[in-house]
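A.B. asks: What would the 3D arrangement of this be:
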Amino acid sequence: MQMIIIMIFIAGAFLVQMGLGFLQIKHFSKSYAELRRMGKVAIGKKPGKVRAGTIVLFAVTNSGKILKAKKMQGVTVMAKVRDLPGFEDKNIKTIREEDLGHCNKLLKSAILDAVHNYKVIMSGGEIPEKNSPFKRMMLQAERVVSFKK
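C.D. replies: Next up, the predicted model:
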């Protein structure tokens, strides 16, 4: 009987987590669409494994002028997209780490990632996709097996 109650509790927690995750993605998509209507959107991220993760969105003109900035930072699915003041009318191409003294470490990393991504895309390059933890583990196992041969 106790095992059934524990299983029901775990299943309920999983469903609540899924529902909140869906709402978070819906909110993010709405914010992204709002910025996309203004122009191009530069996105930077600093994923958190145990700590808070951070995503930054910049709506920019063709010349790189930032029209609006938003961020989503937090550990849980309760993190919301919020305005990021202080970047409007700046040029994304000229943002450097020294300009980000008012930002926390994770936010700085995400902003610098957005700047890097913008520069790479605008110069005609592609952003390489980072491997998932599972893929990294599989690649490492492959290397170990091929090394032994």
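
A.B. asks: count of residues packed around residue 45?
C.D. replies: Residue 45: 18 surrounding residues under other C-beta atoms under 10 Å. For glycine as for every other residue, the C-beta is placed from the backbone atoms N, C-alpha and C.

A.B. asks: All the strands of the protein, in order from the start?
C.D. replies: 40-46, 53-60, 66-74, 81-83 (DSSP state E).

A.B. asks: For residue 83, which residues are in contact?
C.D. replies: Neighbouring residues of residue 83 by C-beta atoms under 8 Å, 6 or more residues apart in numbering: 68, 69, 70.

A.B. asks: ok, of the residues you listed, which one's closest to residue 109?
C.D. replies: Set against residue 109, the nearest of the contacts of residue 83 by C-beta to C-beta is residue 69 (15.2 Å).

A.B. asks: most neighbours per residue, which of the strands of the chain?
C.D. replies: strand 53-60 (a mean of 24; mean count of other C-beta atoms under 10 Å).

A.B. asks: Can you list the strands that it pairs with?
C.D. replies: strand 40-46 (antiparallel), strand 66-74 (antiparallel) (DSSP bridges).

A.B. asks: Where do the helices of the protein begin and end?
C.D. replies: For the chain, the helices defined by DSSP state H occupy 2-38, 105-122, 133-148.

A.B. asks: before we move on, the earlier item: residue 11: which of the strands of the chain is closest?
C.D. replies: Smallest distance to residue 11 across the strands of the chain (C-beta to C-beta): 24.9 Å, for strand 66-74.

A.B. asks: is it true that residue 92 touches residue 113?
C.D. replies: No: contact criterion C-beta atoms under 8 Å: residue 92 and residue 113 do not qualify, at 11.9 Å.

A.B. asks: If you count surrounding residues, which of the two has more?
C.D. replies: Taking other C-beta under 10 Å, residue 92 and residue 113 do not tie; residue 92 has more neighbours (23 against 19).

A.B. asks: Tell me how many other residues crowd the nearest residue to the more buried one once chain neighbours are set aside.
C.D. replies: Leaving aside its chain neighbours, residue 92 sits nearest to residue 64 (4.8 Å; criterion: C-beta to C-beta, 6 or more residues apart in numbering). Using other C-beta under 10 Å, residue 64 has 19 other residues around it.
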